[in-house]
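Have a look at this fold, sequence not included:
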């Protein structure tokens, strides 16, 4: 006898702040610069100082430290993207 699986996702409203391409602001979003900044933080955290490196007891610990550093340094970027007004 087969069992049904009930999967539920929390309700969320995803909206873009622009209804048409012509409403996009003329100033760039600085995506490339932010991407490079996050990439630099991830690289620095992964490799550590060039002369000594960084010790990590596990892959999970390395990933945790990398995510923690990005969240710490870019908290304003994260908050603004999560709670921006539509």
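Cool, got the structure. Bear in mind the structure is a predicted one, so any value in this text is a computation, not a measurement.

where in this structure is pLDDT low?
1-18, 24-30, 77-86 (pLDDT under 70).

ranges for the helices of it?
Assigned by DSSP state H, the helices in the chain fall at 31-47, 59-73, 75-82.

Pull out the buried residues from the second one.
Within helix 59-73, the residues scored as buried using 16 or more other Cβ atoms under 10 Å are 66, 69-70. All C-beta atoms are positioned from the backbone trio N, CA, C, and that covers glycine.

And for the first one?
Residues 41, 45 are the ones in helix 31-47 that count as buried (16+ other Cβ under 10 Å).

Give me the contact list for it.
The contact list for helix 31-47 (Cβ atoms under 8 Å, 6 or more residues apart in numbering) reads 53-54, 62, 65-66, 69-70, 73-74, 77.

still on that earlier bit, rebuild the helices of the chain as CSV, extending it with distance to residue 21.
As requested, the helices of the chain are exported to CSV (distance: least, Cβ to Cβ, whole Å):
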stretch, distance to residue 21
helix 31-47, 17
helix 59-73, 30
helix 75-82, 20
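
I am finished for the moment; much appreciated.
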